[in-house]
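1. let's see this in three dimensions:
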Amino acid sequence: MALITLLHGPNLNLLGQREPHIYGTATLDDYVDFATKAAAEFGHEVHAFQTNHEGQLVDAIHEARGTSAAIIINPGAFTHYAWSIHDALAAFSGPIVEVHISNPNARDPWRHTSVIAPVSTGAIMGFGMHGYKLAVEAVAAKLSSQ
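-> Reported below is the predicted structural model:
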């Protein structure tokens with residue numbers, strides 16, 4: 001069994017309320033429960049954390065070093081400019097999957113750049129809640145091949 005750290009950035013605590021035409025009506029708890037159940041199918045456990053503060057997300061990534069086998073991260077708006085998160089993820093030795101509920105590349109031009117992508121194993125975007133299951137499956141596949 002491996003521990004997967006599931007991280008969420010700013011405003012994702014408002015899932016289900018904020019822009020449901022883009023993000024749907026599922027809450028953050030719904031996403032965490034869904035990912036936790038998906039991980040359990042592979043015998044893995046999930047530790048979830050959400051914050052609206054960049055430094056707290058960096059701290060959570062640091063805490064995952066040495067305790068978690070992988071990170072799944074939806075950095076929210078931090079995706080596009082948070083180099084401190086990029087650097088913290090670069091210091092993590094396991095698989096990292098960047099996940100987004102919507103497809104940032106199909107939205108505003110400023111959302112097309114990810115500073116997280118260069119340090120991620122891969123990215124899944126645009127599949128809503130199903131993307132979280134895909135992220136867990138990708139992590140499980142990577143962990144089983146190591």
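
2. and the helix or strand bottoming out on mean pLDDT in the chain, what's buried?
-> Ranking every helix and strand in the chain by mean pLDDT, DSSP states H and E puts helix 20-23 at the bottom, with a mean of 82. Residues Y23 are the ones in helix 20-23 that count as buried (16 or more other C-beta atoms under 10 Å). Placement of C-beta: from N, CA and C, glycine included.

3. what's that helix in contact with?
-> Residues outside helix 20-23 that contact it (C-beta atoms under 8 Å, 6 or more residues apart in numbering) are L15, G16, I101, S102.

4. ok, now which ones touch the last one?
-> What it means is S102. S102 touches I22, Y23, M125, G126, G128, counting by C-beta under 8 Å, 6+ apart.

5. for the fourth one, grab the count of nearby residues.
-> Each residue near G126 was counted by other C-beta atoms under 10 Å, and the total is 14.

6. do you know how far the closest residue to it other than its chain neighbours is from G131?
-> Nearest residue to G126, sequence neighbours excluded (C-beta to C-beta, 6 or more residues apart in numbering): N103, at 3.2 Å. Distance of N103 to G131, given as C-beta to C-beta, to the nearest Å: 10 Å.
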